[in-house]
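1. Generate a structure from the sequence data that follows.
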Amino acid sequence: MKGEDRKAAVLAYKERKVEPGIYAVRCAASGQAWVGSAPDLSTIQNRQWFALRQGIHSNPSLQQAWNAHGADAFAFEIVERMEDEEIRIVRDRLLKEALARCAEALGAERI
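-> Coordinates of the predicted model:
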């Protein structure tokens, strides 16, 4: 990649719209669900799947289910999106509240 192309790619990445929210990971084989919050929903699935594939996920029950059932048994879904502009100042509090609400509604364990 040429220097100019690289600079343009970096600039585009920095200027992309970040969308915070709540996501769920579901295991079809066991019926289990886990929910988490993320300041950027566009990158969280890759981060979660990477940790699971490496066997280093921070949630032991999710890692055990992944090891037992394999990647094909899992699905990722976005549960709730938040507008970044509206919540920039109170994002953490709103994400925490939404995570608790979604975990209870889905009967899911928090990631």
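2. And the next helix or strand past the lowest-mean-pLDDT helix or strand in the chain?
-> Here the helix or strand of the chain ranked lowest by mean pLDDT, DSSP states H and E is helix 84-87, holding a mean of 59. Once the chain leaves helix 84-87, the next helix or strand it forms, by DSSP states H and E, is helix 91-106.
3. on contacts alone, who are the packing partners of that following helix?
-> Packing partners of helix 91-106 (3 or more C-beta pairs under 8 Å, 6 or more residues apart in numbering; DSSP states H and E): strand 21-27, strand 33-38, strand 74-81, strand 109-110. Every C-beta, even on glycine, is put in place using the N, C-alpha and C of the backbone.
4. Let me know the pLDDT of the residue nearest to Leu95 when sequence neighbours are not counted.
-> Once flanking residues are discounted, Leu95 sits nearest to Ser37: 4.1 Å by C-beta to C-beta, 6 or more residues apart in numbering. At Ser37, the predicted lDDT confidence score is 94.
5. Could you give the number of residues near Ser37?
-> 26 (other C-beta atoms under 10 Å).
6. beta partners for Ala33?
-> Arg26 (DSSP bridges).
7. If you drop the residues flanking it in sequence, what lies closest to the residue most central in space within the chain?
-> In the chain, the residue lying closest to the centroid (C-alpha atoms, centre = their mean) is Ile44, at 3.6 Å. Distances taken as C-beta to C-beta, 6+ apart put Ala38 closest to Ile44, at 4.0 Å, once the chain neighbours are dropped.
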